[in-house]
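Q: Provided below for reference: sequence and predicted model.
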Amino acid sequence: MIDQALSRRRTPRTMAVLAAWACAGLASACASATPPLPEARPIIIYSGARIRADQARLEAINEWVTREQANITEDPGFWVITDLAVEEVYPWDGLQISRDSVRVRVDPRAADSRLVQELYGHQQLMAVMGRQEEWLPEAPTASGYELERAILARMSDAWLLGRTVFGTSPYGPLDELLYANEAGFLDAFIFTARPDEFAEARAQWARAQPEEAARYRSWFLETFNQEPPGLRGG
């Protein structure tokens with residue numbers, strides 16, 4: 001079964017209506033002003049692991065997510081194209097960039113994940129188009145692994161906003177990214193999940209923290225009751 005394109009442009013909306021973050025797979029028009037954020041709630045997964053987020057931090061995340069989402073919708077200079085996947089997907093799975101367009105994959109069983117997948121593709125495309133400083137000011141000249149790490153840190157924050165404020169449904173790949181980032185295991189998560197990439201950065205990390213991979217695997221097993229991505233059989 002081949003992937004099918006969902007859309008080349010999204011129905012205009014901003015975070016003002018993401019209280020239902022793609023609830024029932026529907027997008028809706030919104031007012032021009034973004035209302036104050038609802039109070040954040042802690043999130044918890046089946047193992048009992050909890051995450052709480054500071055409201056001021058979430059306000060800052062909401063500001064850039066809102067701007068970036070509007071840019072994806074309104075900027076005629078590029079396309080973000082979403083394709084259906086037939087399995088769970090991590091943000092980097094199946095990413096394709098071609099000049100002024102980027103294709104990302106979305107699991108149709110997890111409509112709430114669509115925004116984060118689109119944000120990931122947008123960030124990657126902006127770097128290719130020379131607009132990295134505009135959308136990733138904390139890493140304006142980063143490349144290679146440092147660029148990927150900075151983008152995934154932002155995707156983790158976007159999912160944190162969705163899960164704690166807008167009630168997005170749990171989704172394994174993004175929950176894993178979020179929990180790993182919040183626990184200080186973002187490097188281990190990336191290097192373990194993508195063993196064939198970032199060889200030089202991985203080698204430097206392993207030399208500097210020789211016990212970190214084992215610590216991460218133990219933490220992941222305790223938190224998610226399964227092996228981390230990259231170590232799963234089948």
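A: Thanks, I have it. Residues are numbered from 1 along each chain as shown.
Q: where exactly do the helices run in the protein?
A: In the chain, the segments counted as helices under DSSP state H are 55-74, 114-128, 132-135, 144-165, 172-182, 186-193, 199-208, 212-224.
Q: contacts for the second one?
A: For helix 114-128, the surrounding residues in contact (Cβ atoms under 8 Å, 6 or more residues apart in numbering) are 10, 18, 21-22, 65, 68-69, 71-72, 78, 80, 82, 89, 91-92, 95, 97, 100-106, 132, 134-136, 147, 151-152, 154-155, 158-159, 162, 174. Heads up, the C-betas are built off the backbone N, CA and C, glycines and all.
Q: where does pLDDT dip in this protein?
A: Low-confidence segments of the chain, defined by pLDDT under 70: 1-35, 234.
Q: go ahead and flag the most central residue of it.
A: residue 155 (3.0 Å; Cα atoms, centre = their mean).
Q: re the thing from before, the helices of the chain: which one's closest to residue 48?
A: helix 212-224 (9.0 Å; Cβ to Cβ).
Q: quick one: the closest one to helix 172-182, angle?
A: 120 degrees (axes from the mean of the first three to the mean of the last three Cα atoms, to 10 degrees).
Q: what residues of helix 212-224 count as buried?
A: For helix 212-224, the neighbour count (16 or more other Cβ atoms under 10 Å) marks 212-213, 216-217, 219-220, 223-224 as buried.
Q: got the contact list for that helix?
A: Taking Cβ under 8 Å, 6+ apart as the rule, helix 212-224 contacts 45, 47, 49, 176, 179-180, 183, 185, 187-189, 191-192, 205-206, 226-228, 231.
Q: pull it out as PDB, backbone CA atoms only.
A: C-alpha atoms of helix 212-224 as PDB (Å, rounded to 0.1, in the frame of the first residue of the first chain):
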ATOM      1  CA  GLU A 212      25.000   7.000  29.100                       C
ATOM      2  CA  ALA A 213      23.700   4.500  26.600                       C
ATOM      3  CA  ALA A 214      23.200   1.900  29.300                       C
ATOM      4  CA  ARG A 215      21.600   4.500  31.600                       C
ATOM      5  CA  TYR A 216      19.200   5.500  28.900                       C
ATOM      6  CA  ARG A 217      18.200   2.000  28.000                       C
ATOM      7  CA  SER A 218      17.500   1.200  31.600                       C
ATOM      8  CA  TRP A 219      15.400   4.400  32.000                       C
ATOM      9  CA  PHE A 220      13.500   3.700  28.800                       C
ATOM     10  CA  LEU A 221      12.600   0.200  29.800                       C
ATOM     11  CA  GLU A 222      11.400   1.400  33.200                       C
ATOM     12  CA  THR A 223       9.400   4.300  31.700                       C
ATOM     13  CA  PHE A 224       7.900   2.600  28.600                       C
END
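Q: thinking again about what came up before, quick one, which of the contacts of helix 114-128 are buried?
A: Taking 16+ other Cβ under 10 Å as the criterion, what is buried in the contacts of helix 114-128 is 10, 18, 21-22, 65, 68-69, 71-72, 78, 80, 82, 89, 91-92, 95, 97, 102-106, 132, 135-136, 147, 151-152, 154-155, 158-159, 162, 174.
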